[in-house]
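Student: Generate coordinates for the sequence data below:
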Amino acid sequence: MCRKDVMIISDPKQLKVLSDPTRISILGLLRYHPMTVSEIAQALGKDRSTIYRHIKALEDAGLVEEVEKVGNETVYGRVALLFLVRVGPDKDTEEFRRTYLMREMAKLIEILGKAGIRIKDKERFSKLLEEVFHGIESDSQPLIERISSIDLDEITLIHFLNFLTLIYSPKYTNKVKELKELLDI
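Tutor: Numbering: from 1, shown residues only. The predicted structure is shown next:
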């Protein structure tokens, strides 16, 4: 299915391709199994020509590839099970990182709500969460840079990211305590 477990992305062109929400949704669908343009279009409720255009952008960026042909349809799959973005100093990378971080924080807040966990001050919670995530992410970049050429499996990468969070989190202890106090748990 996927050629590799983990792909570390730092190319600004790839990041620009990933900045589109439809393309992120496509990669999300392809995480489970390869699909045709028609299957993706149906799952996302979009027309085939739109999906085809997005697939071609993802393919040109080296993030998806043709897996096989079934009749007159092409089946596409991800080149990696997991994509890790290595943050760089340029404006496009920072814009992608911020947009992605905000989207993921919104998902986290939604999950907490669905779990019945009330956030006492969502604005303050979001601000603190962004500061902690951004800080740990920035602090981790030198080590992520050093492992970027090592072929890691998904589980090892998750352990490595947990390790990075563990070693850099003491710097953010007060903010994390305040985050916890904002949760009604």
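
Student: What's the mean pLDDT across the host helix or strand of Leu82?
Tutor: Per DSSP states H and E, Leu82 falls inside strand 80-85. Mean per-residue pLDDT for strand 80-85: 78.

Student: Show me what that strand pairs with in its sheet, parallel or antiparallel.
Tutor: Using DSSP bridges, strand 80-85 pairs in its sheet with strand 4-9 (parallel).

Student: Glu68 and Gly77, how far apart?
Tutor: 9 Å (CB to CB, to the nearest Å). Backbone N, C-alpha and C define where each C-beta goes, glycine included.

Student: From the contact counts, what lies against the next helix-or-strand element following the strand holding Leu82?
Tutor: Next helix or strand after strand 80-85 toward the C-terminus (DSSP H and E): helix 91-114. Identification of packing neighbours for helix 91-114 by 3 or more CB pairs under 8 Å, 6 or more residues apart in numbering; DSSP states H and E yields helix 12-18, strand 80-85, strand 118-119, helix 122-147.

Student: Show me what helix 91-114 is in contact with.
Tutor: Helix 91-114 is contacted from outside by 10, 12, 15-16, 18-19, 21, 85, 87, 119, 122, 125-126, 129-130, 133-134, 137, 183, using CB atoms under 8 Å, 6 or more residues apart in numbering.

Student: go again using 6 Å as the cut-off
Tutor: Pro12, Leu15, Ser19, Val87, Leu129, Phe133 (CB atoms under 6 Å, 6 or more residues apart in numbering).

Student: ok now do Leu82, which residues does it touch?
Tutor: Val6, Glu154.

Student: Which residues are in contact with Leu29?
Tutor: Each residue near Leu29 by CB under 6 Å, 6+ apart is listed here: Ile40, Ala43.

Student: pLDDT score for the most far-flung residue of the chain relative to its centre?
Tutor: Distance from the centre of the chain peaks at Gly71, with 32.5 Å (CA atoms, centre = their mean). What the model reports as pLDDT for Gly71 is 88.

Student: how much space between Glu94 and His134?
Tutor: From Glu94 over to His134 (counting by CB to CB), the distance is 10 Å.

Student: just Thr156 next, same as before
Tutor: 24 Å.

Student: Many thanks, I have nothing further to ask.
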